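**Student:** Here's my sequence, what's the structure:
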Amino acid sequence: MTKSDIQVMPKFFDRYINLAENIDIIEALTQTATFASLIPIETLEALGDLRYAPGKWTVKDILQHVIDNERIMTYRAMRFARNDKTALPGYDEELFGQNANATRRSLIDLYDEYAILRKASICLFKSFDEEMLMRDGTCFNQTISALALGYVVVGHALHHATIIRERYLPLLD
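**Tutor:** Numbers count the residues shown, from 1 in each chain. The predicted structure follows:
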């Protein structure tokens, strides 16, 4: 199934969904299966713990956030695909960021975790049939399908890779 199969485009999440290509969800997840496919690790290593402005995250913090978000979105997708209609809450990304200790981790460790998590996400989405992908539920006060959540995962990683390219890479000049 592709992005064009999403029946209800949820507000807030649409900003991420729209960044993903209109290709099969498994192919979309596979194309972004490593963060290195988005930004080479050597590029981020050169940045170290630089921040483009006071109070902003480091690139390690961003990568940890992308990982955390993928875990949350795939959990939501699994619940909805399994026909769980429980409304799910949002999460506080700032609280998660403050308590993740990402700057203590190596980039290779974060890149490895991202790749391993994405493999698990791909396996999860491969287990869904079309009916399961079309099932929806409520999270963050929005109705969203399991399929749409898959494209959120893809688009969210693309969004943060763009932020790194636009706001952090100029710090190397």
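**Student:** and V59, what does it touch?
**Tutor:** Taking C-beta atoms under 8 Å, 6 or more residues apart in numbering as the contact definition, V59 lies against L44, L47, L50, L107, I164, Y168. Any C-beta I mention is one placed from the backbone N, CA and C, and that applies to glycine too.
**Student:** Selecting buried members of those in PyMOL, what would you type?
**Tutor:** The following PyMOL command selects only the buried members of the contacts of V59, with burial defined by 16 or more other C-beta atoms under 10 Å:
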select buried, resi 44+47+107+164+168
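**Student:** Using TSV, please lay out the contacts of V59 together with distance to E131, secondary structure and pLDDT.
**Tutor:** Written out in TSV, the entries for the contacts of V59 read as follows (distance: C-beta to C-beta, whole Å; DSSP: H, G, I helix; E, B strand; the rest coil; pLDDT from 0 to 100):
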residue	distance to E131	secondary structure	pLDDT
L44	40	helix	94
L47	44	helix	94
L50	47	coil	95
L107	40	helix	97
I164	37	helix	97
Y168	42	helix	97
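**Student:** Between the contacts of V59, which sits nearest D92?
**Tutor:** The nearest member of these to D92, counting by C-beta to C-beta, is I164 at 22.0 Å.
**Student:** Tell me how far D92 lies from H156.
**Tutor:** Using C-beta to C-beta, to the nearest Å, we find D92 at a distance of 16 Å from H156.
**Student:** So these two - more neighbours on which side?
**Tutor:** For the pair D92 and H156, the greater number of neighbours falls to H156 (22 against 10), based on other C-beta atoms under 10 Å.
**Student:** could you say which helix or strand contains the more buried one?
**Tutor:** helix 146-163 (DSSP states H and E).
**Student:** That helix: which residues count as buried?
**Tutor:** For helix 146-163, burial by neighbour count (16+ other C-beta under 10 Å) applies to 146-161.
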